[in-house]
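**Q** With the input below, show me the fold.
(chains A, B, C and D)
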Number of protein chains: 4
Amino acid sequence: MVSNKMWGGRFEGGPAKIMEEITPSIDFDKRLAEQDLAGSRAHTRMLAAQGIIAKEDADAILRGLDAIGQEIAEGKFIFKRALEDIHLNIEARLAEIAGPAAGRLHTARSRNDQVVTDFRMWIREACDRAEQGLRALQGALLAQAERHTTTVMPGFTHMQSAQPITFAHHCLAYVEMFTRDAGRFADGRKRLNECPLGAAALAGTSFPIDRDVTAKALGFARPMRNSLDAVSARDFALEYLAAAAIAATHLSRLAGELVQWCSPGFGFVRLSDAFTTGSSIMPQKRNPDAAELIRGKTGRVLGDFVALATGVKGLVLAYGSDLQEDKERVFDAADTLELSLAAMAAMIADLKANPDAMRAAATAGYPTATDLADWLVRALKKPFREAHHIAGSIVKRAEELKVDLDKLPLAEMQKIEPAITQDVIAILSLDASVASRMSYGGTAPDRVREQIVFWREKLK
Amino acid sequence: MVSNKMWGGRFEGGPAKIMEEITPSIDFDKRLAEQDLAGSRAHTRMLAAQGIIAKEDADAILRGLDAIGQEIAEGKFIFKRALEDIHLNIEARLAEIAGPAAGRLHTARSRNDQVVTDFRMWIREACDRAEQGLRALQGALLAQAERHTTTVMPGFTHMQSAQPITFAHHCLAYVEMFTRDAGRFADGRKRLNECPLGAAALAGTSFPIDRDVTAKALGFARPMRNSLDAVSARDFALEYLAAAAIAATHLSRLAGELVQWCSPGFGFVRLSDAFTTGSSIMPQKRNPDAAELIRGKTGRVLGDFVALATGVKGLVLAYGSDLQEDKERVFDAADTLELSLAAMAAMIADLKANPDAMRAAATAGYPTATDLADWLVRALKKPFREAHHIAGSIVKRAEELKVDLDKLPLAEMQKIEPAITQDVIAILSLDASVASRMSYGGTAPDRVREQIVFWREKLK
Amino acid sequence: MVSNKMWGGRFEGGPAKIMEEITPSIDFDKRLAEQDLAGSRAHTRMLAAQGIIAKEDADAILRGLDAIGQEIAEGKFIFKRALEDIHLNIEARLAEIAGPAAGRLHTARSRNDQVVTDFRMWIREACDRAEQGLRALQGALLAQAERHTTTVMPGFTHMQSAQPITFAHHCLAYVEMFTRDAGRFADGRKRLNECPLGAAALAGTSFPIDRDVTAKALGFARPMRNSLDAVSARDFALEYLAAAAIAATHLSRLAGELVQWCSPGFGFVRLSDAFTTGSSIMPQKRNPDAAELIRGKTGRVLGDFVALATGVKGLVLAYGSDLQEDKERVFDAADTLELSLAAMAAMIADLKANPDAMRAAATAGYPTATDLADWLVRALKKPFREAHHIAGSIVKRAEELKVDLDKLPLAEMQKIEPAITQDVIAILSLDASVASRMSYGGTAPDRVREQIVFWREKLK
Amino acid sequence: MVSNKMWGGRFEGGPAKIMEEITPSIDFDKRLAEQDLAGSRAHTRMLAAQGIIAKEDADAILRGLDAIGQEIAEGKFIFKRALEDIHLNIEARLAEIAGPAAGRLHTARSRNDQVVTDFRMWIREACDRAEQGLRALQGALLAQAERHTTTVMPGFTHMQSAQPITFAHHCLAYVEMFTRDAGRFADGRKRLNECPLGAAALAGTSFPIDRDVTAKALGFARPMRNSLDAVSARDFALEYLAAAAIAATHLSRLAGELVQWCSPGFGFVRLSDAFTTGSSIMPQKRNPDAAELIRGKTGRVLGDFVALATGVKGLVLAYGSDLQEDKERVFDAADTLELSLAAMAAMIADLKANPDAMRAAATAGYPTATDLADWLVRALKKPFREAHHIAGSIVKRAEELKVDLDKLPLAEMQKIEPAITQDVIAILSLDASVASRMSYGGTAPDRVREQIVFWREKLK
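**A** Residues are numbered from 1 along each chain as shown, chains lettered A, B, ... in the order given. Presented below is the predicted three-dimensional model:
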């Protein structure tokens, strides 16, 4: 057992069979291979520059690391469970390639600082990928918005038609949400970008290392200030998971809208065959599968956060193997998020809006009642609360007569409020309502076009 | 694309590339292969018996299913992502083996009832495995208890020494918890053991099927009473996950004790080399790795529950692809739980208690102060609250003099309560204290031995 | 400070101000008052019967407890934060009423076993209340089912119309789910119904108590077998929370349906004014507020489970104050669940189905395509997979011609499959489809009526 | 029913009794009173400035709002459940005070944008309070660090003694964690600080409002760019909850250390009487109650995040009453976090470290084995892996002879590695080990003092 050899000369027995099942992390942490090689290269170069190891040893190690990188890239590297994790797998292979020099690589380093350095680099890249994925999705939403600045649809509250809005306005609401999501990843990335390498097991090291050099070589802003914190903390992973979980709630909301919009009761959009699936028994089905899958995966990312938070919460300082769970949770969340973002961007790009169905739906439910109330305030100087009450009574009358508001005879309105004049009719149509919402951030096409310009510049 | 063919003749385009990433479930649902074959066999036999398909077609299908079972067992079956899931993989292969007859298998069945039938069978077996794993762990705990009925250790509350107990008593506390865990799996198994097969897509079928026959053939207690419920409900999976999450909290508590007991501040137990790991930089370490890993995995099972509950919560009836997440969560939780149970049972069997260290720890902190208070009640007829107050003052005096309670001179006690007599000293030793806790369920060795007898019988 | 007096004579300083904020639990655990009084009564009677305290002392205590019960019932009892919890509040008041005898109540008992006895009794009643609430809701659903055995609505999968079903069938699907929910509460109640009283602090007691007597007096099946387990375990609370969380997912699904059904795109049901709310700005709104509130509260119950599981998971034996969180989580979940059940039952009773809207929606999307495929199997002996493909092509043709399936000219069908005959038309209507689903558990009115009879008997 | 009047003239029936239970939010949202008044003042002034309402009406409203603020401050305001929420409570009272003018306040505003404006302001302040609480805690930790730069304690990994560190170093590790926590609140505060007021129900308004003015008046950086997003999004609340949950994991870790350090097996610190509690039955106990309570509350904050994320995840745009749950979750998390921070800061300030117990514990377990391995690398030029193996064998020999490493005879070491010289002994003491960890971030007192200087400046 190589791993026993790694642990030193004191162990007489070998790990029990069940330990071989529960201990190894190589099945998942091999995804850190690239980061691990980069970390070892930076560490080696620094050790040589500081005179801690000889230049020829450093060269042998660096050549060996390159060879291993090549083997992994070509799929030739053999990952062994007996060697537990990616770090020992690489180290053991390095010993075969580079000979005794390999034994000098682990000077002034521990697996504790090594693994967390790798992991921070991995999450740093995951943050970048998340930002790119969000940006691509925003691009798809913006493109739809550009097509539909005058496409009227119902704005819902409580799934009841509330006021007419435009489809462009609706798309841009999600652009806003995804921008904040991207901001969370950017903030988290900045906060985690400090280098733990050189913290060694937990106390630092007596070798005259230069942590600024390795931090810089690996793209970190600076070395971490406290070696104990460096190996113990996992809040950077939790922050990534929290940002992913929040982004997933936005994806879920949008996915839920797609599912609804594809439903026959709405029919607001149509996804192409490429983005719908059939049924094994019902030949007529066009199921918005991918949207449902995305929505279904939200809980998964939330579960990843819960899982790691629960684990971290129970640990005293410094390292405990409870933390080995961190990587699977983050890998799972990152895979889920990135796939969901890509699938959502593709669906948004693919969908065809159905303006007729949207408009038809927008007429139901007296959505311009607020416009009527506002007119009573503006034109008749009613206090809003009284105007609101009058408008409610007029809606009730329209409901009894089964007509839309702009089709209700003026005389009927005047029975309720004699001062109402013919002018009111003009403001009760869907288009008039939408056009009138000219306040900053409102749904009026002119306002929305301003935002489109803003976003086109910003997402360039 | 075979899957397009499965969906019928209406789709012109093929699924987009991203759909090939997000849609297939074969990577994980191949674990349902055995259940799927069993379900198809039962369905085929019933169809033939009811005259819905011809006997020769049924025979061809059954031979084909057997051949596929053989291929899977021998590792020769090729699982294809293009065929999405285990059901279509098997069906497509069946078509190759059995020819046109294969096309008759899906009569009066939908993927909706098929998949949930498979899944219920899988969880049923997972419940049985969980019960077995719990029983094995209880056996290991019982064996330790048998060895240590008179091994005195501190009973902690708030991690402060409270009253002396025996190690046997402590082990049996966990036996109790794991019994209730097993009860939850048994109850869940019973509740889920109703057969959804025959619910078809969601409405039932017009074919004259006999659901009692298939239910019985597959070991279910009865067919489910409502076809819509049959394909929509996932509370059986949630109940399994909840039971697993609760069991995991017990495993975590026990694992936490092992970690503490192995810590130098305690030294209560020693794990063999097989169950400890070393450090890459500190040669002297004996880390109770497996215990920490188990503790760290608790949150994972909880996260699985959160993930699925969140998904199910948002779904209207009947089926939505959100539910595709159910299997990965359950598989992950089952793997985690079963591995944790096995590792814990092995560690408990392996550990060697250190009675000297336990006893030494039990003397600290005046753990027989309650015995003193109880004596004041019994011998001097003091109300408990007054006795409690006197005992507190005596402990304070012992603390000032830096002596254990049973070493405090009688005169010192009498300064605080003159009526105290020499008799009190005898009840202030650890062994006397433990022996005196004779109430049912108490830590007195005689009481604990009764429980050992009870459990030995029960776990036979 | 009375609480200092309770702790005994050893504390010189008083708790800091912040401790007065964080420590007391009286604000929430006063809800255990009734259980605490019952527990104390049973304990007192047993102590007297066993000769541990004098009969006259017992009488004084019992009279005092009755007086306190009276004061609480009349709202005259003054709960004091300085006395921390309900147990010390009652004990201090008892000392005022009953004098020195009060000090004998706490003989052979600790707050540890006292509080958990109270809590088990409280949850036991909460299980009963949950079962009653579920039963009332089932009654409301059954009453709707009885009214609508022939009301056809679309059966959805993926929010796409899949096959026609009846509203009665849909209602009964939820009756099934809520039955399983009730089963979980019943199982949990049975499992928790063991009495911890007499476990004392954690080790049992040296007083000759009779735990069978107190267990029986308090309605428990038996005393718990292990005193350490008795004071440490909280899986009973977790099991209650898990059952509540699972039930909440069912409530959320049903609430989500109500929200959808009230939406103008559906219009399947109408809630009365009593169950809808208006808007402060849009006078026409009828928001299904209560349904949304119920749906929104699901996560809260799930959060309660997560909160307590996370806390319990990190605790070694026996008691730690981390467990003080248990009560607030359970009270919150119980209040939420009970209110949600009551509100849902009232809404279900209140709602008026709109059969016309349901039927209109059911005609969209070719929901009888499966019937066509099944007919091809039955009448033309096609293998199902081939039949399925033919049916898909016919749907496609109908879609092109913009007609429903039963309006598609026979000649068009025969172009795709020449063997199709006029007979097929009869099975393509909604009513024919529904009536044909005669398999056990299917949506055919006759089948559903059988289930109604079953449930009427069962819920009697 | 006043609330019916608010909804307008269309409702004939009153809400059912159960609705009165489930709908009102006044019991918790009265905490938004101050924010609501501020929002209304800013809105009123803007309306007047824009000429939308008359100056005298604005004055009447502003006087009324001031009067209400006064009433609330003096505890004279009567909150009514019949008026549902804080907004309607204030509005109804305003109508009583200001007469008809009050009816003009709600012009160009909806409850949707009003409530979310209030809520953002509240969370903004909660972020500030969290930062202050974290800073106070950091101050307490820094003060302890200043006292203990040469206090040696064991550095643990896996709860095994790994390498000696200083107590100052340990305290500063938490200072680092809490700084990142503060950073998360600061980032979240910045991201949420955009003003939704003026979004009205969801579409904006036709009144010529000036959103820049209200945003600025209320301390927001700018108005939100999309009215639909403004009323729908709750990621700001989720981000606060996530930051709180992550901070709570750090508090839990520190609390867990306090519980352990107070445990007799450690005895590293002593809390004063003010921060410990006694037991009702064991007079000698000094329970670190507050630390356990803090640890136990971690899950609660996590549960709050889960609860709201689950709710938000399921909602399509724009507002649904599911979101009413947001406030209770945030209030609960904020209360819990703030109380935990205050209690922890007080405990840290209160604790007295026990350097003797720490040093005694640090000698156990051969914690300078790494120093030995490092010496072999430096002095004998051994590759680290070989040095590590030799050190392991020497530890094993010391263990057999039951001596500490620096007491092992040189001859015994030389039997394993002949080249070892007398020089090695000097580096094997605890103080030498600690002093040698001079790498940046290491535990050497000089290094730690540099960090203390840094933090003293930073936390000034």
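**Q** CA only for contacts and neighbour counts going forward, please
**A** OK.
**Q** residue boundaries of the helices in the stretch 101-250 of chain A?
**A** With DSSP state H, counting those that start in this stretch applied, the stretch 101-250 of chain A shows helices at A:111-147, A:167-192, A:211-217, A:227-232, A:235-262, listed in chain order.
**Q** gap between the next helix or strand after the last one and the chain center?
**A** The C-terminal neighbour of helix A:235-262 among helices and strands, as given by DSSP states H and E, is strand A:269-270. In terms of C-alpha atoms, centre = their mean, to the nearest Å, the centre of strand A:269-270 is found 25 Å from the chain centre.
**Q** So which elements touch strand A:269-270?
**A** Under the contact criterion of 3 or more C-alpha pairs under 8 Å, 6 or more residues apart in numbering or on different chains; DSSP states H and E, strand A:269-270 touches helix A:235-262, strand A:352-353.
**Q** Out of the ones you listed, indicate the one that is most buried.
**A** Sort those by mean neighbour count, taking mean count of other C-alpha atoms under 10 Å in any protein chain shown, and helix A:235-262 sits at the top with a mean of 25.
**Q** what about it, average pLDDT?
**A** Averaging pLDDT along helix A:235-262 gives 97.
**Q** Would you format the helices of the stretch 101-250 of chain A as CSV with distance to chain C included?
**A** Below are these laid out as CSV (distance: least, C-alpha to the nearest C-alpha, whole Å):
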stretch, distance to chain C
helix A:111-147, 23
helix A:167-192, 17
helix A:211-217, 35
helix A:227-232, 18
helix A:235-262, 7
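**Q** which bits of the stretch 251-400 of chain A sit near chain D?
**A** By C-alpha under 8 Å from any C-alpha of the partner chain, the part of the stretch 251-400 of chain A that sits against chain D consists of A:252-254, A:256-257, A:298-299, A:302, A:306, A:309-310, A:312-321, A:374, A:377, A:383-386, A:388-390, A:392-393, A:395-396.
**Q** Now list the buried members of those.
**A** When these are checked for burial by 16 or more other C-alpha atoms under 10 Å in any protein chain shown, the buried set is A:252-254, A:256-257, A:298-299, A:302, A:306, A:309-310, A:312-321, A:374, A:377, A:383-386, A:388-390, A:392-393, A:395-396.
**Q** Can you show me the helices along the stretch 251-400 of chain A?
**A** Using DSSP H, counting those that start in this stretch, helices in the stretch 251-400 of chain A cover A:289-313, A:325-350, A:355-363, A:369-380, A:384-401.
**Q** Out of the helices of the stretch 101-250 of chain A, which gets nearest to A:G103?
**A** helix A:111-147 (14.0 Å; C-alpha to C-alpha).
**Q** Mind listing what's buried along the closest one?
**A** Taking 16+ other C-alpha under 10 Å as the basis for neighbour counts, the residues of helix A:111-147 that come out buried are A:111-124, A:126-127, A:129-146.
**Q** do stretch A:439-455 as well
**A** When burial is assessed from 16+ other C-alpha under 10 Å, stretch A:439-455 yields the following buried residues: A:439-445, A:447-449, A:451-452, A:455.
**Q** any idea which of these is closest to A:D406?
**A** The shortest distance between A:D406 and any of the buried residues of stretch A:439-455, using C-alpha to C-alpha, involves A:A444 and amounts to 19.6 Å.
**Q** Nearest spatial neighbour of that closest one, chain-adjacent residues omitted?
**A** Of all residues beyond its chain neighbours, the one nearest A:A444 is A:A435 (4.5 Å), with distances taken as C-alpha to C-alpha, 6 or more residues apart in numbering or on different chains.
**Q** Remind me which helix or strand the one you found belongs to.
**A** Using DSSP H and E, the secondary-structure element containing A:A435 is helix A:430-436.
**Q** Could you do A:I78 as well?
**A** Applying DSSP H and E, one finds A:I78 in no helix or strand.
**Q** Local confidence estimate at it?
**A** In this model, A:I78 is scored at 96, pLDDT.
**Q** That one and A:H43, how far apart?
**A** Between A:I78 and A:H43 the computed distance is 24 Å (C-alpha to C-alpha, to the nearest Å).
**Q** Next: A:W375.
**A** Distance, A:W375 to A:H43, using C-alpha to C-alpha: 72 Å.
**Q** More neighbours: which of the two?
**A** Relative neighbour count places A:H43 above the other of A:W375 and A:H43, with 29 against 23, counting by other C-alpha atoms under 10 Å in any protein chain shown.
**Q** and that one, helix, strand or coil?
**A** Of the three states, A:H43 takes helix under DSSP: H, G, I helix; E, B strand; the rest coil.
**Q** wouldn't it be in contact with A:A215 here?
**A** No: contact criterion C-alpha atoms under 8 Å: A:H43 and A:A215 do not qualify, at 9.5 Å.
**Q** which parts of chain A sit against chain C?
**A** Taking C-alpha under 8 Å from any C-alpha, the part of chain A that reaches chain C is made up of A:158-162, A:259-260, A:262-266, A:280-289, A:292, A:310, A:314, A:361, A:364-367, A:369-370, A:388-389, A:391-392, A:395-396.
**Q** mind running it again at 7 Å?
**A** Counting by C-alpha under 7 Å from any C-alpha of the partner chain, the positions of chain A adjacent to chain C are A:158-160, A:162, A:259, A:263-266, A:281-285, A:287-288, A:310, A:314, A:365-366, A:369-370, A:388, A:391-392, A:395.
**Q** Mind pulling up the pLDDT for A:E146?
**A** 98.
**Q** what's downstream of the helix or strand bottoming out on mean pLDDT in chain A, the next helix or strand?
**A** Between all helices and strands in chain A, the lowest mean by mean pLDDT, DSSP states H and E belongs to helix A:2-7, at a mean of 39. Toward the C-terminus, helix A:2-7 is succeeded by helix A:17-22 as the next helix or strand (DSSP H and E).
**Q** and the helix or strand following that following helix with chain B, contact?
**A** The first helix or strand that comes after helix A:17-22 along the chain, using DSSP H and E, is helix A:26-29. No: against chain B, helix A:26-29 shows no contacts by C-alpha under 7 Å from any C-alpha, the least distance being 14.2 Å.
**Q** residues of helix A:26-29 that come out buried?
**A** Burial within helix A:26-29, assessed by neighbour count using 16+ other C-alpha under 10 Å, is assigned to A:I26, A:D29.
**Q** so what does it touch, helix or strand wise?
**A** Judged by 3 or more C-alpha pairs under 7 Å, 6 or more residues apart in numbering or on different chains; DSSP states H and E, helix A:26-29 is in contact with no other helix or strand.
**Q** Which residues does that helix contact?
**A** A:R81, A:E84, A:D85, A:I86, A:E328 (C-alpha atoms under 7 Å, 6 or more residues apart in numbering or on different chains).
**Q** and if we set it to 8 Å?
**A** Outside of helix A:26-29, the residues within contact range by C-alpha atoms under 8 Å, 6 or more residues apart in numbering or on different chains are A:F79, A:K80, A:R81, A:L83, A:E84, A:D85, A:I86, A:K327, A:E328.
**Q** Please tell me which one of those counts the most neighbours.
**A** Of these, A:I86 is surrounded by the most neighbours, 24 neighbours in total, counting by other C-alpha under 10 Å.
**Q** number of nearby residues for A:K76?
**A** A:K76 sits with 10 neighbouring residues when counted by other C-alpha under 10 Å.
**Q** Now it: which helix or strand?
**A** Under the assignment here (DSSP H and E), A:K76 is part of no helix and no strand.
**Q** now the residues of chain A next to chain C: which count as buried?
**A** Applying a neighbour-count criterion of 16+ other C-alpha under 10 Å, the buried members of those are A:158-160, A:162, A:259, A:263-266, A:281-285, A:287-288, A:310, A:314, A:365-366, A:369-370, A:388, A:391-392, A:395.
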